[in-house]
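Visitor: sequence plus the predicted model coming up.
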Amino acid sequence: MSTSTSESPSGPNLDVTPYPGFLLAAARTESTFDEIPVIDISDAFSTDSEARRKLADEIRDACVNVGFFYVKSHGTKESTIEKAIAAAKDFFALPEEVKMELDIHKTSNFKGYTALLGENTDVTGNGDLHEGFDIGWEAEPGQLDLGQAAASGAEIGPMSGENVWPEGLDGFKDAVLEYYHSALALGRVLFPLFALALDMPEDRFDDKTKQSAAIMRLLHYPPQNPTKVDQGQIGIGEHTDYECFTLLWQDKAGGLQVKNASGKWIDAIPIPGTIVVNLGDQFARWTDDVFKSTPHRVINRSGAERYSIPVFFGTDYDVLLQPIPTCLSPGRTPQYEVVSAGDYVKSRLEATYAHSATTK
Ligand SMILES: O=C(O)CCC(=O)C(=O)O
Ligand SMILES: [Fe+2]
């Protein structure tokens, strides 16, 4: 890969302008969007490179201006989604003491159950009004584990390690892993498009995402008491995601909101047949903020239970998050200190769970 000179440990070499898309660095827009674009990604599979390029341009607009978009034609079967949501409902309906046997604080790698108010995504808040169940990489039953990652205990970073599973819930693990692997497949389709969007070769992220153990969460938000919203209670507090991008399936309840640069909250309404994609901090750091990691939150005012499934795609944990060449401009000092992807994610997770860790 011809980028190595620009990513040497001594820092980026701004004399090199190897990519035609260098002007991307001029794309540092203010994200004053009012809408979240919907993008049909059928052309991701086109053998016509022009068609893929056009799709990548659409994705670039969304990444540079909004940091959020909906994908249509995402390839995840309705039946896979339905089974995963049914599994989530079964799990969250278990007695609290049974769920607490899988308490996330009992693991060192953030796998398992988070109780209501157990997370504080906006660290200035009082705890989030949702409960969750987290897993990382694991082969599907019957699938050969190609040593990709965490479950094998391979030393791939601070988040490696086995998943924990509830006992006695028929079909739970299979349904969750079926969704997980379907999301992984979609993530693998998107990485080359993001590379193209950054005017990099389509395989640019291949050697940086060999072992990225994507984290998947099942989330349950009880309906909120409207008066408590005024007192600062919230389903998930304002935050940015930590990885490169998140694939988020949400049910019909609504309540996801995205903050634009003027501080206005834009509703990311549920659109049937779509999955929401939002960029996270790893991409913001990697692109020196050309790609936006946009703050968002959830307030479930629907009066109904709300379920969602985010899957967070990061780079391999040893990858250093330093700006890639097409996102640098001479004379501009990069915004962020260089850290490894794994250390970054771990530090953000520790902060998120810190307020509940000592009470367990
Ligand atoms: O539940 C949602 O719609 C959003 C969840 C979210 O933002 C997150 O888990 O990072
Ligand atoms: Fe998020």
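Guide: Sure, I can see it. Numbers count the residues shown, from 1 in each chain. Ligands and ions are numbered 1, 2, ... in the order given.
Visitor: and the helix or strand hosting residue 249, which strands flank it?
Guide: Assessed by DSSP states H and E, residue 249 sits inside strand 245-250. The sheet places strand 245-250 alongside strand 275-279 (antiparallel), strand 306-313 (antiparallel), with pairing taken from DSSP bridges.
Visitor: I'd like the next helix or strand past the longest one.
Guide: I take that to be strand 306-313. helix 341-357.
Visitor: so that following helix versus strand 306-313, what angle?
Guide: Here the directions of helix 341-357 and strand 306-313 differ by 150 degrees (axes from the mean of the first three to the mean of the last three CA atoms, to 10 degrees).
Visitor: in the protein, which spans are strands?
Guide: 38-40, 68-72, 112-114, 131-135, 215-221, 236-239, 245-250, 256-259, 265-267, 275-279, 296-298, 306-313 (DSSP state E).
Visitor: quick one: low-confidence parts of the stretch 1-150 of the chain?
Guide: With pLDDT under 70 as the threshold, the stretch 1-150 of the chain has low-confidence stretches at 1-29, 142-150.
Visitor: out of the strands paired with strand 245-250, which gets nearest to residue 182?
Guide: Nearest to residue 182 among the strands paired with strand 245-250 is strand 306-313 (9.4 Å), distances taken as CB to CB. (Each C-beta comes from the backbone N, C-alpha and C, glycine too.)
Visitor: do that closest one and ligand 1 meet?
Guide: Yes: counting by CB under 6 Å from any ligand atom, contacts between strand 306-313 and ligand 1 involve 308, 310.
Visitor: burial measure for the residue nearest to residue 292 when sequence neighbours are not counted, as a count.
Guide: Setting aside the residues directly before and after it, residue 292 is nearest to residue 67 in space (CB to CB, 6 or more residues apart in numbering), at 3.4 Å. Neighbourhood size, residue 67 [other CB atoms under 10 Å]: 28.
Visitor: then residue 351?
Guide: The number of residues packed near residue 351 is 12, by other CB under 10 Å.
Visitor: do you know how far the closest residue to it other than its chain neighbours is from residue 53?
Guide: What sits nearest to residue 351 in space, not counting adjacent residues and going by CB to CB, 6+ apart, is residue 123, at 5.7 Å. Shown here: residue 123 relative to residue 53, a distance of 41 Å by CB to CB, to the nearest Å.
Visitor: please apply the same query to residue 181.
Guide: Distance from residue 181 to residue 53, counting by CB to CB: 28 Å.
Visitor: ok, back up a step: now for the residue nearest to residue 292: which residues touch it?
Guide: 31, 258, 278, 279, 291, 292, 293, 294 (CB atoms under 8 Å, 6 or more residues apart in numbering).
Visitor: how about low-confidence regions in the stretch 201-350 of the chain?
Guide: 212-213.
Visitor: can you redo the strands of the chain as CSV with mean neighbour count?
Guide: Output for these, formatted as CSV (neighbours: other CB atoms under 10 Å):
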stretch, mean neighbour count
strand 38-40, 16
strand 68-72, 21
strand 112-114, 24
strand 131-135, 23
strand 215-221, 23
strand 236-239, 22
strand 245-250, 24
strand 256-259, 20
strand 265-267, 15
strand 275-279, 25
strand 296-298, 24
strand 306-313, 24
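Visitor: what residues does the protein put near ligand 1?
Guide: Contacts of the chain with ligand 1, taken as CB under 6 Å from any ligand atom, map to 217, 219, 236, 241, 248, 250, 256, 296, 298, 308, 310.
Visitor: check contacts around the fifth one.
Guide: In this case it means residue 248. Counting by CB under 8 Å, 6+ apart, residue 248 has contacts 256, 275, 276, 277, 278, 308, 309, 310, 311.
Visitor: any idea what it is bridged to?
Guide: Counting by DSSP bridges, residue 248 forms beta bridges with residue 276, residue 310.
Visitor: was I right to think residue 177 contacts residue 163?
Guide: No: counting by CB atoms under 8 Å, residue 177 does not reach residue 163; the two are 9.1 Å apart.
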